[in-house]
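K.L.:
Dropping a prediction and its sequence here:
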Amino acid sequence: MQDAWTLLSWGPNGWLDDIAYGVFVTVALALATLPVGLLIGFLVALAKRSSEPSLRLAGNIYTTIFRGLPELLTLFLVFYGAQIGIQQIMRLVDPSASVEVNSFVSGMVALGVVFSSYASEVFLSAFRAIPAGQYEGGYSIGLSKAQTMRLVVLPQLIRISLPGLANLWMILLKDTALVSAIGLSDILRQAGVAARVTKHAFLFFGLAGLIYLALAILSSVGIYAIERRVGRQEVAR
């Protein structure tokens, strides 16, 4: 047991500082991916409810592709595909150029497009749940389409879509473990390195599991607080 405490200590004889860095990378990646996924998902939802057939088709193709591909495959396609594409472009300028794509950015893009494909469906369902009279009421008092969207529709959209987006956040938090496959030092990769070096696989992977559970619990507390605040604002109206 003393050996386990030594391994989980800070400093040169322990691995806790490395695991803590992995926690930082995991949380930073999830937080960086969230606004990207929300923005793209919202725009895709707008495209899918557009009166323009080409926009609806593009939105449906987007969600079909990224909901159909495994997340790990999407990650590999973004990481290696972007690297090949940028290298080909750079070689037009300098034939000897060599480019390495940042694994953090690749992970953010890959997880962002997957998140957005599911978020678009959540937003689309929320749009459908808002009565048409809400739009007509906004127009009747002289609001433009943009003002109606911002002042009338968006507050209701956020409230309706919040439970679905909260579930997607929890999935995103777990999916960050996939970036260990492209060399990013997240929780799972740091735990894997520690397990291989020390031969204490159960200890470090068990610790990783507890950390993910702790992050999920903290997220649940935060989501509950947000839902209560949104609910109070709705009652106040």
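P.N.:
Yep, it's here.

K.L.:
How far away from the center of its chain is stretch 211-228?
P.N.:
15 Å (CA atoms, centre = their mean, to the nearest Å).

K.L.:
where along the chain do the helices fall?
P.N.:
Remark: helices assigned in the chain by DSSP state H are 2-7, 16-48, 53-68, 71-93, 103-129, 132-140, 145-148, 154-175, 187-198, 201-236.

K.L.:
so how far is residue 29 from the residue nearest to residue 79 when sequence neighbours are not counted?
P.N.:
Computed as CB to CB, 6 or more residues apart in numbering, the closest residue to residue 79 that is not its neighbour in sequence is residue 106, at 4.1 Å. Every residue, glycine included, has its C-beta placed from N, CA and C. As defined by CB to CB, to the nearest Å, residue 106 lies at a distance of 11 Å from residue 29.

K.L.:
And for residue 59?
P.N.:
Remark: distance between residue 59 and residue 29 (CB to CB) = 26 Å.

K.L.:
What residues does residue 132 make contact with?
P.N.:
With contact set as CB atoms under 8 Å, 6 or more residues apart in numbering, residue 132 has no partners.

K.L.:
Against residue 51, how distant is it?
P.N.:
Separation of residue 132 from residue 51 (CB to CB): 14 Å.

K.L.:
same deal with residue 111?
P.N.:
Here the criterion is CB to CB. By it, residue 111 lies 31 Å from residue 51.

K.L.:
Look at these two and report which has more neighbours.
P.N.:
Taking neighbours as other CB atoms under 10 Å, residue 111 and residue 51 compare with residue 111 leading, 27 against 6.

K.L.:
Could you pull up the residues touching the more buried one?
P.N.:
So residue 111 contacts 29, 33, 37, 71, 75, 172, 175, 176, 178, 179 (CB under 8 Å, 6+ apart).

K.L.:
What's the local residue count around the last one?
P.N.:
In other words, residue 179. Residue 179 has 26 nearby residues by other CB under 10 Å.

K.L.:
next one: the first one
P.N.:
Residue neighbour count, defined by other CB under 10 Å, stands at 23 for residue 29.

K.L.:
thought it was touching residue 108?
P.N.:
Yes: judged on CB atoms under 8 Å, residue 29 makes contact with residue 108 at a distance of 6.3 Å.

K.L.:
Need the overlap of contacts for residue 132 and residue 51.
P.N.:
With CB under 8 Å, 6+ apart, residue 132 and residue 51 have no common neighbours.

K.L.:
Now stretch 118-127: buried residues?
P.N.:
Buried residues in stretch 118-127, counted by 16 or more other CB atoms under 10 Å: 118, 119, 120, 121, 122, 123, 124, 126, 127.

K.L.:
before we move on, what about stretch 146-160?
P.N.:
For stretch 146-160, burial by neighbour count (16+ other CB under 10 Å) applies to 148, 152, 153, 156, 157, 159, 160.
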